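Participant: whatever this is, show me its structure:
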Amino acid sequence: MARTTRRRSLPHRARTAFTTTAAAVACCLATAAPAAAAPVTIDLPAGEACSDFDVTLVIGDDSKRNTRTFVDRNGNEVILTTGRAESVVVINAETDESVTVPSRGARTKQTTNPDGSTTFESTGNLLLVLFSTDVGGDGLTPTSTTLIAGRTVFTVDPDGVFTVQSVSGKTTDVCAVLAA
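Facilitator: Below is the predicted model of the structure:
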């Protein structure tokens with residue numbers, strides 16, 4: 001029997017967008033990627049993006065972003081990205097349940113620190129994927145996928161480990177939505 005894909009829609013207030021492809025998804029990258037030229041698919045095994053099932057992310061090519069790079073008064077390189085980020089479809093690879101995260105507006109300030117780490121300050125809408133090797137923080141745990149509408153600050157060390165510093169605003173546990 002053929003499997004049918006069931007798509008879940010989140011309430012309007014819980015819908016958020018993926019701010020930067022590399023910043024929120026790729027565990028080993030410490031810099032934001034430029035807008036994708038075509039949709040990108042990323043397969044993540046159980047125990048990474050969600051603890052109980054494999055996840056597939058389909059990242060759209062529909063971003064409209066502006067980027068500005070400058071040096072702050074402390075001599076740190078800063079990349080400021082504003083605009084509409086890529087849409088993302090998050091799929092439970094075992095059940096084909098999915099959540100579509102539409103393209104929405106956001107602002108991300110990325111600062112390179114003297115110790116080689118990078119600090120990301122995101123306001124607006126963010127889909128944050130924390131892997132098992134990440135530290136988490138402020139209510140978010142490793143092995144989680146969270147939609148955040150508000151302000152999020154996290155650092156990425158030179159080894160690609162994410163540490164969440166603070167989260168304010170509305171959060172939605174995408175793994176729980178896809179498991180239901």
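
Participant: and stretch 97-110, which residues are buried?
Facilitator: 97-104, 106-110 (16 or more other C-beta atoms under 10 Å). For glycine as for every other residue, the C-beta is placed from the backbone atoms N, C-alpha and C.

Participant: what does stretch 172-180 give?
Facilitator: 172, 174-175, 177-178.

Participant: let me see the mean pLDDT of it.
Facilitator: Averaged across stretch 172-180, the pLDDT comes to 94.

Participant: which residues sit against it?
Facilitator: 8, 10, 14, 16, 49-53, 55, 90-92, 95, 97-99, 127, 144-147 (C-beta atoms under 8 Å, 6 or more residues apart in numbering).

Participant: any of those buried? List them.
Facilitator: 10, 14, 16, 49-50, 53, 55, 90-92, 97-99, 127, 144-147.

Participant: those in strands, which ones?
Facilitator: The strands, defined by DSSP state E, take in 55, 90-92, 98-99, 127, 144-147 from the buried ones among the contacts of stretch 172-180.

Participant: picking up where we left off before, how about the buried residues of stretch 172-180 in a markdown table, adding distance to T119 and secondary structure?
Facilitator: As requested, those are exported to a markdown table (distance: C-beta to C-beta, whole Å; DSSP: H, G, I helix; E, B strand; the rest coil):
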| residue | distance to T119 | secondary structure |
| --- | --- | --- |
| T172 | 24 | strand |
| V174 | 24 | helix |
| C175 | 26 | helix |
| V177 | 29 | helix |
| L178 | 30 | helix |
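
Participant: in the protein, where is pLDDT below threshold?
Facilitator: 1-37 (pLDDT under 70).
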